[in-house]
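>>> curious how this folds, go ahead:
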Amino acid sequence: MSSGKLVGVVVAHLVAIAGCYQPELRDCTVHCSAPTDCTGGQVCRNDGWCAMPDVKKCGERTSDQDASMEGSSTSDASQSSPDASLSCQQACTNGTCQNGVCVIDCSIALSCTMTDIKCPPNVPCRVECGYHACSRKVLCGMSTSCEVDCIGEQSCGDDIECNTNRCEIYCIGTSSCAHRVRCSNACACDVTCSGAGSCAQPSECPATTCRIGNGCSSTLAAGCDGC
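Numbers count the residues shown, from 1 in each chain. Now for the predicted structure:
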């Protein structure tokens, strides 16, 4: 076979391989607020994640999702020590302990709407709110750190109140976080307003220099992170 023909065969083979390539779509790794946000046969679930129709529930975030929320103190591996796990199990009476973090799961549509959601004291806390969920106040109380994931449409309909520790709020769902995030006393506060129409009211940040849009950032200026 001549060198020219050989090159042609190789090129054709590579093109055929490229044509067959399909990037892997992983369930529960892409946030959504509308069906058009998902591709490859995935649907936008009520808990705000893209997944195939046969996936019954998006569980605890994957490492990729944790990386997308880099800096979260509640995902710190140090929280998984035996002492931390025991403290969490003793305090977390309204949630489930995951690696030493008290996770209050309100990811089911229209859940956690009857009473205020209260994080337990002396342990890190994470609240996950799905479609129209968490319509009452979310109170971080005396948790050692607090993360609130408002991933569903119109989730987190009332005030979110942080304490003096680190506080991270993710207003990802459409029209989520309708009221204020009150974190003026937090040593560091990050309020991410990425959902369409989210954060209708400006957050109360530790300082005016820490405000970004209606949210807050602990990296904007010196003094925004005092933890």
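>>> pLDDT score for residue 39?
The model reports residue 39 with a pLDDT of 79.
>>> all strands of this protein, in order?
Here the chain has its strands, by DSSP state E, at 43-44, 50-51, 96-98, 101-106, 117-118, 124-129, 138-139, 145-150, 160-161, 166-171, 181-182, 189-193, 211-212, 215-216.
>>> so residue 130 is in contact with residue 152, correct?
Yes. Counting by Cβ atoms under 8 Å, residue 130 touches residue 152, with 3.8 Å between them. All C-beta atoms are positioned from the backbone trio N, CA, C, and that covers glycine.
>>> before we move on, back to that, among the strands of the chain, which is nearest residue 28?
With Cβ to Cβ, the closest approach to residue 28 among the strands of the chain belongs to strand 50-51: 5.3 Å.
>>> for the nearest residue to residue 114 once chain neighbours are set aside, grab the count of nearby residues.
Nearest non-adjacent residue to residue 114, counting by Cβ to Cβ, 6 or more residues apart in numbering: residue 136, 7.4 Å away. As a burial measure, residue 136 scores 15 neighbours (other Cβ atoms under 10 Å).
>>> can I get the strands of the chain in a markdown table with mean neighbour count?
Shown next, in a markdown table, are the strands of the chain (neighbours: other Cβ atoms under 10 Å):
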| stretch | mean neighbour count |
| --- | --- |
| strand 43-44 | 18 |
| strand 50-51 | 24 |
| strand 96-98 | 18 |
| strand 101-106 | 24 |
| strand 117-118 | 22 |
| strand 124-129 | 29 |
| strand 138-139 | 24 |
| strand 145-150 | 29 |
| strand 160-161 | 24 |
| strand 166-171 | 28 |
| strand 181-182 | 25 |
| strand 189-193 | 27 |
| strand 211-212 | 18 |
| strand 215-216 | 27 |
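>>> now render the ones you listed as TSV, adding distance to residue 32.
Listed next are the strands of the chain as TSV, based on distance: least, Cβ to Cβ, whole Å:
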stretch	distance to residue 32
strand 43-44	4
strand 50-51	5
strand 96-98	23
strand 101-106	18
strand 117-118	23
strand 124-129	15
strand 138-139	22
strand 145-150	14
strand 160-161	22
strand 166-171	14
strand 181-182	22
strand 189-193	16
strand 211-212	23
strand 215-216	20
